[in-house]
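K.L.:
Need a 3D model of the sequence below.
(one chain, ligands or ions: 1)
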Amino acid sequence: MEEGIRQVAQWIIHAKKTVIFAGAGLSTESGIPDFRSPGGVWEKYNPEDFYFQNFIASEASREKYWRMATEMYGPIKKAQPNPAHLAIAELERMAKLDCVITQNIDGLHHKAGNSEEKIIELHGTATYVTCLNCKKRYDRDEIQERLRRGAKVPYCDDCGGPLKPATISFGQSMPERETEEAYQRSSACDLFIVIGSSLVVQPAASMPLVAKRSRAKLVIINRDPTPYDEMADLVIHGQAGPIMAGILNDVKKDLS
Ligand code: NAD
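P.N.:
Residues are numbered from 1 along each chain as shown. You can find the predicted model right below:
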């Protein structure tokens, strides 16, 4: 593992454009469960309960969705960035980061100090809520307060449309600008580092392929194996926090 950490640090130092691609595994050390690990969200809930079509289809589904979303928002609101988020923010300060493409909805890259223009949130964010009808935006805490006071499903004050966290559910269209930018950045980078993703959720999981086909080096840092391990230039299996802290340390040592 030590050798892998040193190698990634060298690649970051010499890369012209480093893209970080983050998944839920980046935030488990901040106390937010991922989907597929033991104790993850899929052990508690049926993935179908998250389908966008169901949310649209019935009041009962919306009620169920908001119950799950409320339970998942608790740890997200409390969470603080861990050493992996902080290392990514530090890479930006050292001008060593092209961007972070994140599947995460927890806002921890912002909290860690990455700037808005460096963060591409592919699956939206849980930090605010929008009306599916008129797109009016609401503060998440304000909506959670309505639920706490007894509302089962929140509706828009202006048009009466259903409110939903600004996250992308299964079956919901991907955000156009973010998706396009993520593809463009993936194809233009020379180093692509996946951190904490099972790489099974599409189309996000095709980004490493795009990068590799455009001749970028591909690094995968993940606790468990992924379907792309074989095509990667380097795979490090382990915890994102200590690994990223080690990489940052090596980059700093070499550049000082
Ligand atoms: P996933 O749950 O499919 O996979 C997470 C991967 O991270 C697993 O392969 C696991 O081995 C690995 N992992 C877990 N903890 C780790 C750690 N400390 N260090 C290194 N690796 C670790 O997650 P995914 O690939 O991101 O895809 C699932 C979807 O889940 C995404 O669309 C994302 O939007 C959503 N999601 C986000 C959050 C969040 O915002 N924090 C939480 C749960 C789910």
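K.L.:
can we go C-alpha only for contacts and neighbour counts from here?
P.N.:
Fine.
K.L.:
In the protein, where's the longest helix?
P.N.:
Secondary structure of the chain per DSSP state H: the longest helix is helix 59-78.
K.L.:
Mind checking the pLDDT average for the helix or strand just after it?
P.N.:
Note on helix 59-78: by DSSP states H and E, the next helix or strand toward the C-terminus is helix 83-93. For helix 83-93, the mean pLDDT works out to 98.
K.L.:
Show me what the next helix or strand after helix 83-93 is packed against.
P.N.:
Remark: after helix 83-93, the chain's next helix or strand is strand 99-102, criterion DSSP H and E. Under the contact criterion of 3 or more Cα pairs under 8 Å, 6 or more residues apart in numbering; DSSP states H and E, strand 99-102 touches strand 18-22, strand 119-121.
K.L.:
Now mean neighbour count, mean pLDDT and distance to Ala205 too, for those, in JSON lines please.
P.N.:
Compiled in JSON lines, the helices and strands packed on strand 99-102 are given as follows (neighbours: other Cα atoms under 10 Å; pLDDT from 0 to 100; distance: least, Cα to Cα, whole Å):
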{"stretch": "strand 18-22", "mean neighbour count": "26", "mean pLDDT": "98", "distance to Ala205": "9"}
{"stretch": "strand 119-121", "mean neighbour count": "21", "mean pLDDT": "98", "distance to Ala205": "14"}
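K.L.:
To Lys64, which of those strands lies closest?
P.N.:
Closest to Lys64 of these is strand 119-121 (Cα to Cα; 25.0 Å).
K.L.:
by how many degrees do whatever helix or strand comes next after that closest one and helix 59-78 diverge?
P.N.:
Counting by DSSP H and E, the next helix or strand C-terminal to strand 119-121 is strand 124-131. Computed by axes from the mean of the first three to the mean of the last three Cα atoms, to 10 degrees, the angle separating strand 124-131 from helix 59-78 equals 130 degrees.
K.L.:
Quick check on the residue sitting nearest the centre point of the chain: phi, psi?
P.N.:
Nearest to the mean C-alpha position of the chain, counting by Cα atoms, centre = their mean, stands Asn104 at 2.0 Å. Asn104 has phi and psi values of phi -80, psi 150 when expressed as degrees, to the nearest 10.
K.L.:
how about the helices in this structure?
P.N.:
2-14, 41-44, 52-57, 59-78, 83-93, 108-112, 140-148, 176-188, 207-213, 240-255.
K.L.:
With respect to the ligand, which of those lies nearest?
P.N.:
helix 240-255 (3.8 Å; Cα to the nearest ligand atom).
K.L.:
Neighbours of Arg148, how many?
P.N.:
11 (other Cα atoms under 10 Å).
K.L.:
Pull up the residues of the stretch 101-250 of the chain that are close to the ligand.
P.N.:
Within the stretch 101-250 of the chain, the positions adjacent to the ligand are 103-106, 123, 196-199, 201, 222-224, 238-240 by Cα under 6 Å from any ligand atom.
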